[in-house]
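Engineer: Predicted model and sequence follow; I will ask about them next.
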Amino acid sequence: MIRRLVSTVCINTKHYLRGMSTYRLFELNTYIRRFVALNLPEPVWVQAEVAEADERRGHYYLTLMEKTEDGQEVAAQAKAVIWSRTANQWQRTNKLLLKELLQAGREVQLQVQVSFHERYGMQLQVQDLDANYTLGVMAQQRQRTIDELMAAGLLQANKMLRLVLAPQRLAVISSPAAAGLQDFLAQLRDNPYGYDFEVQLFPAAVQGAQASPEIRRQLRTIERRRDSFDAVVIIRGGGARMDLADFDEKELCFAAAQMTLPVISGIGHETDQSIMDMIAHTALKTPTAAANFFIDRLHYLDQQLAGARQTLQQQTSQVVQRKEFELARLGEQLKFQQQQFLQKEAWKLEQYAQQLPQLVRQRLHLATIELEQLQQLHQLLSVESQLKRGFALLSVGDEIIRSGSQLEQHEEVTLHLQDGTTTLRTNPPQPKKK
């Protein structure tokens, strides 16, 4: 039907224009308006990607586009508008906010009335919007991102990182104007235990088209300074459910999953879970809950230390009591053993005292016998005894002759016998030759 109308209008227009040498712009645009009105009298459904979305006084001004298959160039582009009356009616019917749905980069399916104005050109007036289509596309993109994270081994990577026992140096990514940030800081500051936290803010948009690139840039900055922090905290205050899609963005989730610091998320959704929550080391529902997580962790450690201190004191007291008891027991044992030892030694002394006279007598008797034996031996070995037995003794003065060589050195020696001594000449003089 549309193609037949287009052909008819084109023929009529060519026939009309062929008869004119020149034509005014208004006349040309009038023909185009008539052409559009005749060939697209009814609204049509269009699928496109939102390039820009701007809300002013309740009206939504959109730039729609379609990219080439390789995604490198824009194949088609058009302006569209949702008037405030249509927007309000659609939001009441669908229980959704258009500003949540109409985010740059999202696929939409719109029912549009095509119009052409001589002055303002062509415009697509949106009559309806298929939220299920956009949500379906988002769900498909979300699942693809989850599958890719899982295939890359990154879905659980950050959860495997070790969070220090007392995380107090926190790198916080949030919008400076976010109410959730103020709640987070106030909760940390006013904690009932007086814990001190060192918080450094890395400002970034946490919703809209700039959320992903700004958060990724701050993640890179924190990663370069990872030794200065214990954890990364991504905070976003309460918001609409559709705003959670900003934290399903593929590049953002991959960047967070590859952090070498634990990532703690507190992005303000009680029931829904973003991919950021899935890959985070710990996912909390609100910024306040994120602050309480750190406070409770320090309090738990404090309680553990207090319990350990009390246990140590009890164990020390028990050990001291046990050792005191053992020392007292050993003291009694020592006293008893000392008494036994003294009694035993006293008995030994008494025995020695009784045995000593007898032992002395025995020793004297043995010594007397030994002395007599020595005297007898001395008598047997004396010179007199030897002379009585028929032996003789030669000497020169006081020197006793023991070898023949000694005799040759002396002309006279003394011979000792039992009954006296006599002098002997060893070298008698030779007679003189005539």
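Structural biologist: In hand now; what should we look at?

Engineer: Show me the beta-bridge partners of Ala231.
Structural biologist: Counting by DSSP bridges, Ala231 forms beta bridges with Leu170.

Engineer: Shouldn't Ser212 be within a helix?
Structural biologist: Yes: Ser212 forms part of a helix when assessed by DSSP: H, G, I helix; E, B strand; the rest coil.

Engineer: Report the separation between it and Gln103.
Structural biologist: To Gln103, Ser212 is 11 Å away according to Cβ to Cβ, to the nearest Å. Placement of C-beta: from N, CA and C, glycine included.

Engineer: Could you pull out the helices in the stretch 51-200 of the chain for me?
Structural biologist: 84-94, 98-101, 131-151, 179-189 (DSSP state H, counting those that start in this stretch).

Engineer: Can you lay out these as TSV showing distance to Ile279 and mean neighbour count?
Structural biologist: Shown next, in TSV, are those (distance: least, Cβ to Cβ, whole Å; neighbours: other Cβ atoms under 10 Å):
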stretch	distance to Ile279	mean neighbour count
helix 84-94	31	14
helix 98-101	23	19
helix 131-151	6	15
helix 179-189	20	19
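
Engineer: returning to what we had before: quick check: neighbours shared by Ser212 and Gln103?
Structural biologist: By the contact definition Cβ atoms under 8 Å, 6 or more residues apart in numbering, Ser212 and Gln103 are jointly contacted by Asp246.

Engineer: and the gap between Tyr133 and Glu66?
Structural biologist: Computed with Cβ to Cβ, the distance linking Tyr133 and Glu66 is 15 Å.

Engineer: likewise Ile173?
Structural biologist: Distance from Ile173 to Glu66, by Cβ to Cβ: 33 Å.

Engineer: Have a look at the two and say which one is more surrounded.
Structural biologist: Using other Cβ atoms under 10 Å as the criterion, Ile173 and Glu66 rank with Ile173 on top: 26 against 15.

Engineer: got a list of what the more buried one touches?
Structural biologist: Residues in contact with Ile173 (Cβ under 8 Å, 6+ apart) are 202-204, 206, 215, 218-219, 222, 232-235.

Engineer: Relative to Asn191, which of the residues you listed is nearest.
Structural biologist: Val233 (15.2 Å; Cβ to Cβ).

Engineer: Downstream of the host helix or strand of the closest one, the next helix or strand is which one?
Structural biologist: Following DSSP states H and E, one finds Val233 within strand 231-235. Following strand 231-235 in sequence order, the next helix or strand is helix 250-257 (DSSP H and E).

Engineer: now for that following helix, which elements pack on it?
Structural biologist: On a contact count with 3 or more Cβ pairs under 8 Å, 6 or more residues apart in numbering; DSSP states H and E, helix 250-257 meets helix 131-151, helix 211-224, helix 275-279.

Engineer: Swap in 10 Å and give it another go.
Structural biologist: Identification of packing neighbours for helix 250-257 by 3 or more Cβ pairs under 10 Å, 6 or more residues apart in numbering; DSSP states H and E yields helix 131-151, helix 211-224, strand 231-235, strand 263-266, helix 275-279.
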